[in-house]
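Participant: 3D model of this:
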Amino acid sequence: MWHNQLAEDSFCQLRSVTISSCKRLVRVFPSILLETFRMVEMLDISHCPLLEEIFDLQETSASGSLQLRDLSLIGLGKLKHIWNKDPQGILSFQNLHALKVSDCNVLRNLFPFSIARELVQLEKLEIEHCGKLEEIIVKVDDGEAAHCFVFPQLTSLKLQELPEFRNFYPGKHTWKSPMLKRLAVSDCCNIALFGSKFLKSQETRGEVQLGIPAQQPLFFVEKVMFNLEELSLGGKNTTASIIWHRQLPIELYSSLKVLKLHHFGVKSDPISFDFVSRLRNLETLSVTHSSFKKLPSIGEVGGEEGRALARLKNLTIHAVHDIKHIWKQDHLLAPILHNLKTLKVEDCHSLVSLAPSYVCFENLTTLDIQSCLGLLNLFTSSTAKSLVQLVNLTIAHCKKVTVVVARQGGDEADDEIIFSKLEYLELLDLQNLTSFCFENYAFRFPSLKEMVVEECPNMKSFSPGVLSTPKLQGVHWKKYSKNTVHWHGNLDITIQHLYTEMVGFDGVNRVKVSDFPQLKERWQCQLPFNFFRNLTNLTVDEYCYSLDALPSTLLQFMNDLQELQVRNCDLLEGVFDLKGLSPEEGRVWLPLLYELNLIGLSRLRHICNTDPLGILEFRNLNFLEVHDCSSLRNIFTPSMALSLVHLQKIVIRNCDKMEEIITKERAGEEEAMDKIIFPVLKVIILESLPELSNIYSGSGVLNLTSLEEICIDDCPNMKIFISSLIEEPEPNSVDKGKEQRQGQGDNYNFTALLTYKVAFPELKKLRVDWNTIMEVTQRGQFRTEFFCRLKVLELVHFPIDCVDFPSWFLQRFNILESLVVCDASFEEIVRLEEMSSRPNQVFAQLRVLELSKLPELMHLSKERSQACQIFQNLEILRVSECGTLKTLIPMSVSFRCLMTLEVSKCNGLASLMSSSTAKNLVQLTSMTVVECETIEVVVANEENEAENEIVFHKLENLAFHCLPSLTSFYMQNCALMFPSLERVFIDQCPKMELFSRGVINTPKLERVQLTEGDSTGFWKDDLNLTIHNLFVKKSKLPSSSRQPSLARETTAAHKNQMYAVSEGPASENLHVNEIQMLERFPILSSKQH
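Facilitator: Coordinates of the predicted model:
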């Protein structure tokens, strides 16, 4: 960068250096020039992809102290060293005040040892997004000597996304920063962040139990917290919880004013919100990107602790998706909310209540609510009356909000509500908002100067009562545009005009017509069409009283439309009204239309009511879906089909009169239509189309060489098309095919549309009716080379007299990975006599097997049969509605690769597998059993099987639903080990009293879920105790009187003993007399996790 020879006075006055995007720079300051740049105070280097070093100290003669104060290094992907050598005191950087290092993914450390010892002026240190950084200070070779590092002026420290970072210094050390005021740490999962000398030794050793290596903590709470004013923590460090331990003195937190918590949740370190309530001087609390359902400390504290939050001024809750209530309804909140000035809530999709009806915000100045999709209103009238200090109110992107102020019971209808200091009111993208308030309250806004009402198309009025806004002179219907102000004398009349003129639709990009009554009334001729120029997604549904969904007058304003859905319009006969339109050079309507869905249109007869050639093309159409259009005979004209050059997926279902997808050409059009159609079509799904005989029987060349998936189900007249899939075509050219078509007319065999050498080279998935396959294979020669890439095969609707599984047919597909068989009468899936001489090579690639609606199936294959070898590589097995099935997994099959097992509605099974089979399921990660009436145990014991342990090494998810006969997972005393199990879901298993008689180890399991979406669940010491507590709870009778199946071995003395059961909900603590329980089930006393 610099010439090696510079004059002595070169750059002597240089104070600031900025280097950016120098793509070949490797080093900034060579050693011989350090003296030249001694006076540089600010150095900013960014986005130099080859830079490896900043300061070369290898051969420098410079000494003394450099003046560098601020150093910023950002986006230096190859940076290895800031200083490539320790100057060992000869050269000093003691004037450094601030250092920021970001996105330097090779850098492993920052400071040489001697430089770190002299950073007496360092005030601010920020390190983020450095994937390889391990420590701050480079270790010196001095044996086991302990070192002390002092940063007397350091006030701000930020460590973010440093996955390999372990500590400041890798050897024995202490470090002090007595002035530290601001600390931010997140995504540093390998550090022991906090330690404490006040806590018991077993608690400070918790990191070892949690799988974190014992190591020196980065901070001791007693030293760092006392002066700390601002703390920001991410939830991916397991030692963070030490700081909110109740045994720590409350005086430690006396200086803390700002607390920011983010990315906390069930699987990360759970927060004890008692900690928050102890922060007597806390002024700002921010909780973001976390999975809490409530913030208990804010609504549950009382007494002295309640008053501890009385200084809270700013509260921000962002992206806490599971939270439903910020404050609980039954707690006194006045001490907490008294000084609250700013409340911001954003992206809390489950929030249904902003505050209880009685809450007062007498000092709130700013209220900002955005993207809370569950809110119906913001606050009650009584809360509104308390907002006497409110200056700014913003409500945006809350799709369900219908009013801002809701009436509270007991209020007089003509009460007055005064927003004394409100100056700014913004209502943005509230598509269901109808008014500010429904009731007849008198509203006064003496200070309101600016108001935005944007994308609120259903807002008919502001309020029906008296309304006073003396300083307001207009309403902006575009927030950032100065020329979008409306005013018609007063606020309420202005809002009514905006509604009548449909201004609220301007800028809206998604519209469902049934949601907007004014659209229904004016759809055909009176719409302000220019307001739809930003529309990208349109749903025309339920209302349509006209013959066409989109009037011609609207089409010209929909240039941005990408998705169109027309559904449930009983009178509709067409989609696009093109009458009165003529081709314009260089102009085509709907140029960006990407997806078209036509659903439930019983009278639909055509897509366009006139030839769309030159007017409406579908060149960008990618996806077409047509459902339940019982009058539709075809979809496209040939000219429309020719424009479908990007169509990739067609789905057509339940269209009773559909004969073909593309109608034939009219007389005289044959030559013009002799072109390629559907050049990139990848997926075609045709289901329940009784009259459909072909896709297209015209003169154009239907090119299906890009097809990857074909599904033809319940289309009895599609035999000709299916024959073209599997029969060898005659070696005709396209010209010869034309002659055949002219001679055969409507009976022309579709095979001729395919070229001789290419059939379906990209086909990966085929779903087809077996009856049809049998008919065409009996007529022609089956060509397996047409399916050289087929990986997924689904065969459905076998004839009732077909009792033998067609193994002979499936052996043709050498790379088949997934097989689905549905609706057949097979007794077994694989028979040895039908297999090749080497059964282990048949289905060698098979990974997924799904069997459903096989009422006669008794087993997959006979025990000890060589044919069982085809199951060795299965990863997913799904079995449903096989009522006669007695054995799911043969004992002779290891299933060592099986990862997912799902069984439902198999009412002949007493168990899922034997104990020896269970021991072989070393890859199983998920097991689901649903609605199997006869299953008593999941794992059945084998005779002479030694009672040693069974280990499910990788099982993470276990779900049982509606199993009325299930008593336990395993009945024997064998130990069960689940080292990876994290989720257990058990629902409607009334006889399940224990999980197992033996020892159970589930180190990662924290709860049993009782319903889908239940993140709280229930837990009682271990899995066995949990299951038993739930059983006793559900029985609602003394256990001795019920005598459940597992209790029948108890003595007569035990029969008179009863359990004391609480009547609280299952998700709360459930107390059972454990002494009596342990006498009946000794295994429970082990309390193994």
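
Participant: what's the spacing between the residue sitting nearest the centre point of the chain and Cys348?
Facilitator: For the chain, the residue nearest the mean C-alpha position is His321 (11.3 Å; Cα atoms, centre = their mean). Here His321 is placed at a distance of 7 Å from Cys348 (Cβ to Cβ, to the nearest Å). Backbone N, C-alpha and C define where each C-beta goes, glycine included.

Participant: Just the pLDDT for the nearest residue to the residue nearest to the centre of the chain once chain neighbours are set aside.
Facilitator: Nearest non-adjacent residue to His321, counting by Cβ to Cβ, 6 or more residues apart in numbering: His349, 5.1 Å away. pLDDT, His349: 91.

Participant: and His349, helix, strand or coil?
Facilitator: Secondary structure, DSSP: H, G, I helix; E, B strand; the rest coil: His349 is coil.

Participant: Give the full set of residues in contact with Phe151.
Facilitator: Contacts for Phe151 (Cβ atoms under 8 Å, 6 or more residues apart in numbering) come out as Leu119, Val120, Leu122, Trp175, Lys176, Ser177.

Participant: So which of the residues you listed are in strands?
Facilitator: In strands, judged by DSSP state E, the following of the contacts of Phe151 are found: Trp175, Lys176.

Participant: TSV for the contacts of Phe151, including pLDDT and distance to Leu877?
Facilitator: Formatted as TSV, those follow (pLDDT from 0 to 100; distance: Cβ to Cβ, whole Å):
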residue	pLDDT	distance to Leu877
Leu119	94	62
Val120	94	67
Leu122	97	61
Trp175	88	56
Lys176	90	60
Ser177	92	58
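
Participant: And the furthest pair within the contacts of Phe151?
Facilitator: Val120 and Trp175 (13.4 Å; Cβ to Cβ).

Participant: okay, and the common contacts of the two?
Facilitator: Common neighbours of Val120 and Trp175, counting by Cβ under 8 Å, 6+ apart, are Val150, Phe151.

Participant: between those two, who's got more neighbours?
Facilitator: Neighbour count, other Cβ atoms under 10 Å: between Val120 and Trp175, Trp175 has more, with 19 against 14.

Participant: thought Pro217 was touching Trp175?
Facilitator: No - with contacts counted by Cβ atoms under 8 Å, Pro217 stays clear of Trp175, the gap being 11.3 Å.

Participant: Determine the residues that are contacts of both of those two.
Facilitator: Applying Cβ under 8 Å, 6+ apart, one finds that no residue jointly contacts Pro217 and Trp175.

Participant: and stretch 30-42, which residues are buried?
Facilitator: Neighbour counts over stretch 30-42 (16 or more other Cβ atoms under 10 Å) mark Pro30, Ser31, Ile32, Leu33, Leu34, Thr36, Phe37, Arg38, Val40, Glu41 as buried.

Participant: centre of the chain versus it, how much separation?
Facilitator: Centroid separation between stretch 30-42 and its chain, computed with Cα atoms, centre = their mean, to the nearest Å, is 51 Å.

Participant: With stretch 931-944 instead?
Facilitator: The chain centroid and the centroid of stretch 931-944 are separated by 36 Å under Cα atoms, centre = their mean.

Participant: I am finished for the moment; much appreciated.
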